[in-house]
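[1] Take a look and give me a structure for this.
(chains A and B)
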Amino acid sequence: MIINFKGAKTYIGTGGKSLDVSKMTLCFLHGAGQNHLSFIQQARFFAYKGYSVVVPDMPAHGFSDGNPCKSIKENAEWINDLLVELNLKDVVVIGHSQGCLVALELNRILKSSLEALIFVAGSNEIPVNQFLLDLSKENPQKASEMMVTWGHGIDGDMSINKWPGHSHYGEGNNIMCMNKSTALRYDLHACNDYSDGIDAAKNIKVPALAVLAKNDQMTPLKSGLKFLELIKNCETHTLDCGHFLPSERPMELNSIINSFLSKLK
Amino acid sequence: MSENYKFDTLSLHAGHIPDKETGSRAVPIYQTTSYVFNSTEEAASLYNMEVGGHLYTRISNPTVAALEQRLAALEGGASALACSSGMAAMHLVVSAICSSGDHIVASSKMYGANINLLQHTMPRFGVNTDFVNPNDPEAIKRAIKPNTKLVFGEVIGNPGLDIMDVPEIAKICNSKNIPLVLDATFNTPYLMQPFKHGANIIVHSLTKWLGGHGIAIGGAIVNGGNFDWGDKDKFPTISGPHFALGGISFWEEFGPSALIAKIRAEGMYNFGPSLSPTNAFHLMQGIETLPLRMKKHIENTHSILDFLVNHEMVEWVKHPDLETHPDHEVAKRILPKGSGSIVAFGIKGGREAGKAFIESVQLASHLANVGDAKTLLIHPGSTTHSHLSSEAMKEGGLTDDMIRLSVGLEDINDITKDFERGFRAVKKLNK
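    Predicted coordinates:
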C-alpha cells in the first residue's frame, strides 16, 4: 500500500493482504541499498499465515520518495513514527543486515508494544570499508553489483534459486537499482558510523531470535556470534548460505521464524 | 566465496549443483508431472506464490528451472522462463503485456511466423501492430502511439540479416517508457547480450544455436528486470490488481521479476506451453558447448564468406560482417565477435540454378532449420516460396536465386568441396 507519510509517498508491502491492526504485526526492515523486495518470500508467506505484515520501503528506497535517512537512529525514529501512524501495537521487528542495527535502536525508542526481535544476518556493528564507501558515491551501480556478488553464497555464483527461473545476481542488482542513487551511500555511511550496538544489544528485554549465515561476507558469522553473546537468551540458528539469507534459504528461514513466533502466542 | 564466474563456466554450471543425496554430476531429468506436498500448508504456500517451488510441471519443473537459471545467468537477466518453442515464448510475452486495444511497433523484416502472429492472429484479439523498417530508429519513434505497449524486433533479422541498432532503439523505448523486446535467437548471448545495450526482454528459439544439435524444440523468455512496470494505467495487468491470487500486483510483489511471475501464473497456467524436462536436458547439453560452437560457427562463416565472395558462380553474398552489407557499421559496434552464421547468397542462373545447387550438394542438409551443428541449406525459391512469382518474392525481401545457408561445424574444406559439387551442377545446367 502507498501512504503519504511525513510529506512523502511511502510504500509499505503487506504481503498481498490488507493490513489488520488487530493482529500481531511482523515488521520487516530491509538492509543497506535494499527495499521491500528483499523479503519477497517472507511477506506473502507470513501474511497468508494470519499475521499482519508491514515491509516498508525506507525513504528513497524502492517505491518510496523522500530523502534517505542519514543515521541508524534517524532510520529507527522514522520506523517508530510509521508504526505509530499505522496504529500498530503488538509488533515483532525482523531486521536483515542494516535492518538489524535499526531494530536495535528501535528497541530503545519503540512506543508501540514490541513483542520480539528477530535478527537475520546481523550484528551489533557493520563496518564498511573505505573503498565501498567511496564507490557508493562515485559509481553506486558498480557498488551495488559488488555487494550483490559478495553478499551471496555459492547459490549466487551458480544461479541456483529456490524460485524457479530466478537469478540472485540479476534480480539483486535490479532491486538495488530501483532505489534513488543516493540511498546506498547514506545507508553504508549510517552502518559504518553506528557505534551504539553493544549498549543497545545489552538493553534487549524481549524474546530474541537470530539467524546467521555461515558464508556471510557482509556481516561475518564471527561478528554475528559475538553480537549474540550480548543478548540474554537469544535463540540462535546458522544456515549454510551467504548474507542474502532471506532469498537464499527462504523455506528454512520462514520455518525457524514460524516456530519462534508460535512460542510467543 | 563469491566468484562471479565467466560466460564459459556459466554455460557448463549455472543452474545446477550436484545434490548431496545422489551426487549426480549431470542435471537430472525430473520426468514427472507433479510433486508430493509435505503438508496442506506447503501446498497452499506454493499455490499462493508465497515461496518458490514446484507444484505441477506445466508451471515449473526442476530440470526446466535449471535451464531457465542458466539462461538468466548467461544473459545477465533477473529471471527466465522456458517453454515449448520460440513462438510460444513470443506469444507469452505479447499476451502478458498487451490486452485488446493495445498497439505494438515491430520490425518489418522478421521471421515469417513472428510477422504472422502480429499481423494476422493478434488483431483478432484487438492487438494491432505497425511494422516499420528496423534500421530506421526515427520511423520507430514516429510509429509509437499512446497505446503502444511494446517494441519488437530481431537483433539479426531472419532471413534478411538486417541488424537492429539496439542501443539507439532502446533509448527511444526508454524515453517513452515502453519495453524493448528482442528476438536474440541468431546472436545468442555468446555474440551479444541485449540487456547491456538497453533492451528489456529477450525471446529465444532454443531449438537453434543454444540447443545447437537439431534434436529438441524449445523457447525461452529472459527478463532483464530493468523495466519499470509501475504505470498502472499503461500496464494494468502487471502493476495493478490481477485476477489471480486475490488481486495480486506482480510489480509490487516481485519487482524486477514481475513479468516472469505473471507469465508463470497466467500464461503457463492458462495456455500451458510447457517444455518437456527431457527436451530441457537436451537443450542444456547444447548450451554446455555454446562458447566452443559459436567460435567455430563464426570461424567457418568467415571462411565460407571468403569462398563465396570470390566464386565465379556466385552473383551476390549477404552477411553483416561483409563491408558491403548496409548494416555493417552497426554490426561491428554491437556484434564485435561476429554477426552469426547465417549467410544468404545468390547463384548465377536464377531459380533453376538454386534448385540444381541444392539438389547436388551431399554434405549440407536441405531442410527448414537453422543453427544446427551441421551445415544446412534451403532454397526458398523452390521450396517455402515456390508458389510466389519473382516479383512477389522481391516484395518480401527475397530473390529467386537466393540460398539461405546455416554454416555448420564441419571441416571447412569439406564444406567448400561440397559446394563446388553444387556449383558444377549449376554450370552443367547453364551450358
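[2] Going by C-alpha atoms from here, please, whenever you check contacts or count neighbours.
    Noted.
[3] quick one: A:E248 from B:G52, how far?
    Relative to B:G52, A:E248 is positioned 11 Å away (CA to CA, to the nearest Å).
[4] The two: who's more crowded?
    Each of A:E248 and B:G52 has its neighbours counted (other CA atoms under 10 Å in any protein chain shown); A:E248 has more, 26 against 21.
[5] can you give me the helices in the stretch 1-150 of chain A?
    Assigned by DSSP state H, counting those that start in this stretch, the helices in the stretch 1-150 of chain A fall at A:40-47, A:72-85, A:98-109, A:130-138, A:140-151.
[6] could those helices go into JSON lines alongside mean pLDDT and mean neighbour count?
    Shown next, in JSON lines, are the helices of the stretch 1-150 of chain A (pLDDT from 0 to 100; neighbours: other CA atoms under 10 Å in any protein chain shown):
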{"stretch": "helix A:40-47", "mean pLDDT": "97", "mean neighbour count": "24"}
{"stretch": "helix A:72-85", "mean pLDDT": "96", "mean neighbour count": "19"}
{"stretch": "helix A:98-109", "mean pLDDT": "96", "mean neighbour count": "26"}
{"stretch": "helix A:130-138", "mean pLDDT": "97", "mean neighbour count": "15"}
{"stretch": "helix A:140-151", "mean pLDDT": "96", "mean neighbour count": "21"}
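[7] Figure out which of those helices is closest to chain B.
    Nearest to chain B among those is helix A:40-47 (4.6 Å), distances taken as CA to the nearest CA.
[8] With distance to chain B as added columns, please give the helices of the stretch 1-150 of chain A in CSV.
    Output for the helices of the stretch 1-150 of chain A, formatted as CSV (distance: least, CA to the nearest CA, whole Å):
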stretch, distance to chain B
helix A:40-47, 5
helix A:72-85, 20
helix A:98-109, 20
helix A:130-138, 16
helix A:140-151, 6
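[9] Columns distance to B:H13 on top of those helices, output as a markdown table?
    Formatted as a markdown table, the helices of the stretch 1-150 of chain A follow (distance: least, CA to CA, whole Å):
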| stretch | distance to B:H13 |
| --- | --- |
| helix A:40-47 | 25 |
| helix A:72-85 | 40 |
| helix A:98-109 | 32 |
| helix A:130-138 | 30 |
| helix A:140-151 | 17 |
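[10] Next, show the common contact partners of A:E248 and B:G52.
    The contact sets of A:E248 and B:G52 overlap at A:K162 (CA atoms under 8 Å, 6 or more residues apart in numbering or on different chains).
[11] show me what contacts residue 219?
    You didn't say which chain, so I picked chain A. A:S97, A:A121, A:G122, A:S123, A:I126, A:H243.
[12] meant chain B actually
    Contact analysis of B:G219 by CA under 8 Å, 6+ apart lists B:82-89, B:203-207.
[13] Ramachandran coordinates for it?
    Main-chain torsions, B:G219, degrees, to the nearest 10: phi -140, psi 170.
[14] and what of B:D130?
    Phi and psi for B:D130, reported as degrees, to the nearest 10, are phi -100, psi 130.
[15] what's the answer for B:L150, then?
    The phi/psi pair for B:L150 (degrees, to the nearest 10) is phi -160, psi 160.
[16] that older thread, for the helices of the stretch 1-150 of chain A, which one sits closest to B:C98?
    Comparing those against B:C98 with CA to CA, the closest turns out to be helix A:40-47 (25.7 Å).
[17] For the stretch 101-250 of chain A, give me the ranges with low pLDDT.
    Scanning the stretch 101-250 of chain A for pLDDT under 70 picks out the ranges A:111-112.
[18] who in it is up against chain B?
    A:149-154, A:156-172, A:174-175, A:215, A:250 (CA under 8 Å from any CA of the partner chain).
[19] buried subset of those?
    Buried by 16 or more other CA atoms under 10 Å in any protein chain shown: A:149-154, A:156-172, A:174-175, A:215, A:250, out of these.
[20] Test my guess that B:M284 contacts B:G212.
    No: taking contacts as CA atoms under 8 Å, B:M284 lies outside contact range of B:G212: 9.9 Å.
[21] Mind checking what secondary structure residue 186 has?
    Unless you meant another one, I'm taking chain A. Using DSSP: H, G, I helix; E, B strand; the rest coil, the structure places A:Y186 in helix.
[22] hmm, I had chain B in mind actually
    Assignment for B:F186 (three-state DSSP): coil.
[23] any idea how far B:G86 is from it?
    From B:F186 to B:G86 the distance is 12 Å (CA to CA).
[24] Over to B:I412?
    Following CA to CA, the distance that separates B:I412 from B:G86 is 30 Å.
[25] returning to that earlier point: most surrounded residue in the contacts of B:G219?
    B:A82 (33 neighbours).
[26] Once you drop chain neighbours, what's closest to that one?
    B:A220 (4.1 Å; CA to CA, 6 or more residues apart in numbering or on different chains).
[27] hang on, isn't the one you found packed against B:S79?
    No: counting by CA under 8 Å, B:S79 is not a contact partner of B:A220; they are 10.6 Å apart.
[28] if we can go back for a sec, which one's more surrounded, B:M284 and B:G212?
    Each of B:M284 and B:G212 has its neighbours counted (other CA under 10 Å); B:M284 has more, 29 against 26.
[29] what's the helix or strand for the more buried one?
    Assigned by DSSP states H and E, B:M284 belongs to helix B:277-288.
[30] Could the C-alpha coordinates of that helix be exported in PDB?
    Taking Å, rounded to 0.1, in the frame of the first residue of the first chain, the C-alpha atoms of helix B:277-288 are listed here in PDB:
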ATOM      1  CA  PRO B 277      12.000 -32.000 -18.900                       C
ATOM      2  CA  THR B 278      13.800 -34.300 -21.400                       C
ATOM      3  CA  ASN B 279      13.900 -31.500 -24.000                       C
ATOM      4  CA  ALA B 280      15.200 -29.200 -21.300                       C
ATOM      5  CA  PHE B 281      18.000 -31.600 -20.600                       C
ATOM      6  CA  HIS B 282      18.900 -32.000 -24.300                       C
ATOM      7  CA  LEU B 283      18.900 -28.200 -24.700                       C
ATOM      8  CA  MET B 284      21.200 -27.800 -21.700                       C
ATOM      9  CA  GLN B 285      23.600 -30.300 -23.200                       C
ATOM     10  CA  GLY B 286      23.800 -28.000 -26.200                       C
ATOM     11  CA  ILE B 287      24.400 -24.900 -24.000                       C
ATOM     12  CA  GLU B 288      27.300 -26.600 -22.300                       C
END
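[31] from the chain's centre, how far out does that helix sit?
    Remark: helix B:277-288 is offset 16 Å from the chain centroid, using CA atoms, centre = their mean, to the nearest Å.
[32] who has more neighbours, B:A220 and B:S79?
    Higher neighbour count among B:A220 and B:S79: B:S79, with 32 against 28, using other CA under 10 Å.
[33] Domain parsing of chain B, as residue ranges.
    According to automatic domain parsing, chain B comprises the domains B:7-286, B:290-430.
[34] Was I right to think B:A65 contacts B:G15?
    Yes: counting by CA under 8 Å, B:A65 touches B:G15, with 7.4 Å between them.
[35] How many residues are close by residue 265?
    Chain wasn't specified; assuming chain A. 7.
[36] actually chain B
    B:A265: 18 surrounding residues under other CA under 10 Å.
[37] Okay, it and chain A: tell me how far apart.
    When distance is defined by CA to the nearest CA, to the nearest Å, B:A265 is 12 Å away from chain A.
[38] Let's see the pLDDT reported for that residue.
    With respect to pLDDT, B:A265 has a value of 95.
[39] Pull the contacting residues for it.
    B:I59, B:A244.
[40] Report the separation between it and B:F243.
    Taking CA to CA, one finds B:A265 at 11 Å from B:F243.
[41] And B:P380, by the same measure?
    45 Å.
[42] Show me which of those two is the more surrounded one.
    Neighbour tally, B:P380 and B:F243, criterion other CA under 10 Å: the higher count belongs to B:P380, 23 against 11.
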